[in-house]
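[1] What follows is a protein structure lacking sequence information:
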Ligand SMILES: NC(=O)C1=CN([C@@H]2O[C@H](COP(=O)(O)OP(=O)(O)OC[C@H]3O[C@@H](n4cnc5c(N)ncnc54)[C@H](O)[C@@H]3O)[C@@H](O)[C@H]2O)C=CC1
């Protein structure tokens, strides 16, 4: 991995060239533009390699990956084709360290990886569809570039508050992006997402500026472990930045529904006022729940004073060392937020957020 990391782009381009040359029929399983896909393959390999000596984490990761591949139409017989192209690319680009032992190790690793993914997909077939179709039933513009999109899945969609899904629009076939659920599971089965149209973001722009009631999108399975541990009495300290407030709102609803009195402190960060597009919902929740506090944090505070953002805001309050922490927002905010939370005494095992690899590219 160290050998190929600096030239990951070339290796993955060569890998896909080999794959499609030898198996042209596989091309149609992938999106027209392959740039994000190339990154994803390498990140998946890197994640698998990083956890090679930690079977429990590796198995959890690959199980999700295997299930998640069902929506792409991946079949067991595709795995050997991918393995051969991978070994072909490594043989060429890791030439300096490549030899019979390295090759045998990679073949063994790939065989294990693919078997875990295939088994997970086979088992998942017994209980879940490969994907869900969902009809847009409401589309509400909150700012010129943020929409709340509500959909009705064609069959029950079980998930937990704080999780996210992958979503494909009819306008960009086979381009899937991640979005967090903006509500806890609802009795009417509807699902909502907060979507911000970002520059060059195909899926986000389509969802914000093109999607209308009646359009049908596809959803993959739910994923993510940013969920509430209902066996604990710890308070919840939640940091939501921009549209990252969506899963935080879901967590608040989840705590409310469980009826156990736990304090929940929400810090809602935004660069400017527009970014607080959901503050009224949060304040309404606060009115009905005395255990909830909501603090908006603007980067530029009124009066022109620049603020230290969410990390500084949590340092100014507290103490937090008996709280569980939840972060949702841009990767930079999560990195700095985790530093601040560790700094105020919350151990890392009580800090939850989605994987930064999954978030990268999440909103495009
Ligand atoms: N489950 C999750 O973690 C979710 C994450 N998101 C992510 O949230 C982001 C939302 O985008 P926008 O609304 O445009 O957010 P934004 O870029 O306007 O920032 C929102 C907040 O994060 C803070 N922030 C941004 N970069 C920071 C950094 N490097 N250090 C410290 N604070 C920082 C800002 O000060 C602001 O308070 C997207 O990247 C999206 O992928 C959105 C929904 C769910």
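    Arrived safely. Computed from a prediction, not measured in an experiment: that's the story for all the values here.
[2] Helices of the stretch 51-200 of the chain, residue ranges please.
    Under the criterion DSSP state H, counting those that start in this stretch, the stretch 51-200 of the chain contains helices at 55-68, 78-93, 100-125.
[3] Reformat these as TSV; add mean pLDDT.
    Below are the helices of the stretch 51-200 of the chain laid out as TSV (pLDDT from 0 to 100):
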stretch	mean pLDDT
helix 55-68	93
helix 78-93	96
helix 100-125	95
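[4] do you know which of those helices lies nearest the ligand?
    helix 55-68 (15.4 Å; C-beta to the nearest ligand atom). Placement of C-beta: from N, CA and C, glycine included.
[5] other SSEs contacting that closest one?
    Where contact means 3 or more C-beta pairs under 8 Å, 6 or more residues apart in numbering; DSSP states H and E, helix 55-68 is packed against helix 35-50, helix 100-125.
[6] thinking again about what came up before, tabulate the helices of the stretch 51-200 of the chain (TSV), appending mean neighbour count and distance to residue 250.
    Output for these, formatted as TSV (neighbours: other C-beta atoms under 10 Å; distance: least, C-beta to C-beta, whole Å):
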stretch	mean neighbour count	distance to residue 250
helix 55-68	17	20
helix 78-93	18	35
helix 100-125	15	23
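[7] Indicate which one of the ones you listed is closest to residue 180.
    Taking C-beta to C-beta, helix 55-68 is the member of the helices of the stretch 51-200 of the chain nearest to residue 180, at 15.7 Å.
[8] Compute the inter-axis angle for that closest one and helix 78-93.
    For helix 55-68 against helix 78-93, the angle between stretch directions is 120 degrees (axes from the mean of the first three to the mean of the last three C-alpha atoms, to 10 degrees).
[9] Could you check how far helix 55-68 is from the centre of its chain?
    15 Å (C-alpha atoms, centre = their mean, to the nearest Å).
[10] before we move on, the earlier item: make CSV from the helices of the stretch 51-200 of the chain and add distance to the ligand to it.
    Shown next, in CSV, are these (distance: least, C-beta to the nearest ligand atom, whole Å):
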stretch, distance to the ligand
helix 55-68, 15
helix 78-93, 28
helix 100-125, 23
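[11] What residue in the stretch 101-250 of the chain comes nearest to the ligand?
    Counting by C-beta to the nearest ligand atom, the stretch 101-250 of the chain gets nearest the ligand through residue 242, at 1.9 Å.
[12] Return the distance of that residue relative to residue 205.
    Distance of residue 242 to residue 205, given as C-beta to C-beta, to the nearest Å: 16 Å.
[13] need the helix or strand of the protein with the lowest average pLDDT.
    Sorting the helices and strands of the chain by mean pLDDT, DSSP states H and E puts helix 356-359 at the bottom, at a mean of 66.
[14] Can you pull the residues of this protein lying near the ligand?
    164, 180, 196, 241-244, 246-247, 269-271, 275, 299, 309-310, 328-330, 332-333, 336, 353-354, 359, 362-363 (C-beta under 6 Å from any ligand atom).
[15] filter these to the buried ones?
    Among those, those classed as buried by 16 or more other C-beta atoms under 10 Å are 164, 180, 196, 241-244, 246-247, 269-270, 275, 309-310, 328-330, 333, 336, 353-354, 359, 362-363.
[16] Return the residues in contact with the closest residue to residue 225 other than its chain neighbours.
    Distances taken as C-beta to C-beta, 6 or more residues apart in numbering place residue 352 nearest to residue 225, at 6.7 Å, with adjacent residues excluded. Going by C-beta atoms under 8 Å, 6 or more residues apart in numbering, residue 352 touches 162, 225, 226, 227, 324, 325, 326, 327.
[17] Which residues does residue 352 form beta bridges with?
    Per DSSP bridges, the residues bridged to residue 352 are residue 326.
[18] how far away is it from residue 30?
    According to C-beta to C-beta, residue 352 stands 32 Å off from residue 30.
[19] Equivalent analysis for residue 317, please.
    Note on residue 317: its distance to residue 30, by C-beta to C-beta, is 47 Å.
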